[in-house]
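1. quick one, what's the 3D model for this:
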Amino acid sequence: MNLEHQGRSVVVELLGPEGAPGVICLPGMGDIRSVYRHVREPLVSRGHQVALMDLPGHGESEAGVEPSQVDIAHLVANLTEQLTSPVIVIAHSYTPDSALLASQMNPSIVGVLAIGPWATTPELDPFMRMVSRIVGRTPWLWGWFYRSLHKRPPTDLKDHVQAIRRSLRRANGTSTLQSMVLGNGKDATDRRETTTVPVGIIMGSADPDFKNPRAEAEAFAQGLDATITLADGSGHYPHTEDPDAVLKAFDMLSRRIDSDTDA
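-> Model prediction:
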């Protein structure tokens, strides 16, 4: 299935039976949809149709665009129309705010599972902006940085990183990442507290992106109907480092949604 953003195609892979309740999986910045490879089949086995999106400018989606968080939210809200409600959105790092905003756009979205979400946008000094630009336009350096954010790397991480690098080596393949690493396009953070659906938050307890992962999760949870889980010993990618913990967090969120519906 293809969606469209700025006249470019956005690739969505569908798994599981048509007509089953939907789950939409959003990768984070500079990642591709196969990051959900360790949880996608278990989600299907739980009775869901799973939609895996390559973000605009990423993976197999056409390159050369600079999507904002609001743009991604509109894509998610539109994709939800193609699925059977209720729909839960799983999002990572850069995209949880897009998922929360999409839930406000489309009432068929009944819950959001945020993995490693950023509560704030770090301020970059001139030196770090220069470093970020270099990393964002260099596939090898981005792959190295990506690997460094894992504390319990899966055995297939090397293959996944190679796939990311291949997507970045396309013509204009790094243009989206270069914009994202500088914080451009983070335009949905001020809509977070108007979210009304239940939210699950799962953080790697050893996530090197944050000085204090629990404190970051608590800051993100402010104003939300949220439950926080820590994946013990995991870094920034619990969905590959500890998929069982992510699936447990998903099941917990699903039970909360079912309980609210029954009430």
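2. for stretch 78-90, buried residues please.
-> For stretch 78-90, burial by neighbour count (16 or more other Cβ atoms under 10 Å) applies to N78, L79, T80, Q82, L83, P86, V87, I88, V89, I90. Where C-beta positions appear, they are placed from N, C-alpha and C, glycine not excepted.
3. show me where the stretch 51-200 of the chain dips below the pLDDT cut-off.
-> Applying pLDDT under 70 to the stretch 51-200 of the chain flags the ranges 124-125.
4. can you give me phi and psi for M53?
-> phi -100, psi 130 (degrees, to the nearest 10).
5. shouldn't it be in contact with C25?
-> Yes - contact status for M53 versus C25: in contact at 6.9 Å, counting by Cβ atoms under 8 Å.
6. between the two, which contacts overlap?
-> Common neighbours of M53 and C25, using Cβ atoms under 8 Å, 6 or more residues apart in numbering, are R33.
7. if we can go back for a sec, now the buried residues of stretch 78-90 in CSV, with distance to L101 and secondary structure?
-> What follows is the buried residues of stretch 78-90, written out as CSV (distance: Cβ to Cβ, whole Å; DSSP: H, G, I helix; E, B strand; the rest coil):
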residue, distance to L101, secondary structure
N78, 13, helix
L79, 14, helix
T80, 12, helix
Q82, 18, coil
L83, 18, coil
P86, 18, strand
V87, 14, strand
I88, 15, strand
V89, 10, strand
I90, 15, strand
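8. looking at these, which is nearest L141?
-> Of all the buried residues of stretch 78-90, I90 has the smallest distance to L141: 27.6 Å, by Cβ to Cβ.
9. residues touching that closest one, list them.
-> Contacts of I90 by Cβ under 8 Å, 6+ apart are V23, I24, C25, L26, Y36, V39, A99, V112, L113, I115, H239, F250.
10. for the fifth one, the count of nearby residues, please.
-> The tally of other residues near Y36 (other Cβ atoms under 10 Å) stands at 27.
11. kindly report the same for the fourth one.
-> The local packing of L26 (other Cβ under 10 Å) involves 31 other residues.
12. ok, back up a step: got the buried residues of stretch 78-90 as JSON lines, with distance to E123 columns?
-> Below are the buried residues of stretch 78-90 laid out as JSON lines (distance: Cβ to Cβ, whole Å):
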{"residue": "N78", "distance to E123": "33"}
{"residue": "L79", "distance to E123": "33"}
{"residue": "T80", "distance to E123": "34"}
{"residue": "Q82", "distance to E123": "38"}
{"residue": "L83", "distance to E123": "38"}
{"residue": "P86", "distance to E123": "38"}
{"residue": "V87", "distance to E123": "35"}
{"residue": "I88", "distance to E123": "33"}
{"residue": "V89", "distance to E123": "28"}
{"residue": "I90", "distance to E123": "28"}
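13. would you map the strands across the stretch 1-150 of the chain?
-> Ranges of strands within the stretch 1-150 of the chain are 2-5, 8-15, 21-26, 49-53, 84-92, 109-115, based on DSSP state E, counting those that start in this stretch.
14. how far out from the middle of the chain is the second one?
-> Read that as strand 8-15. 15 Å (Cα atoms, centre = their mean, to the nearest Å).
15. just checking, what packs against that strand?
-> strand 2-5, helix 40-45, strand 49-53 (3 or more Cβ pairs under 8 Å, 6 or more residues apart in numbering; DSSP states H and E).
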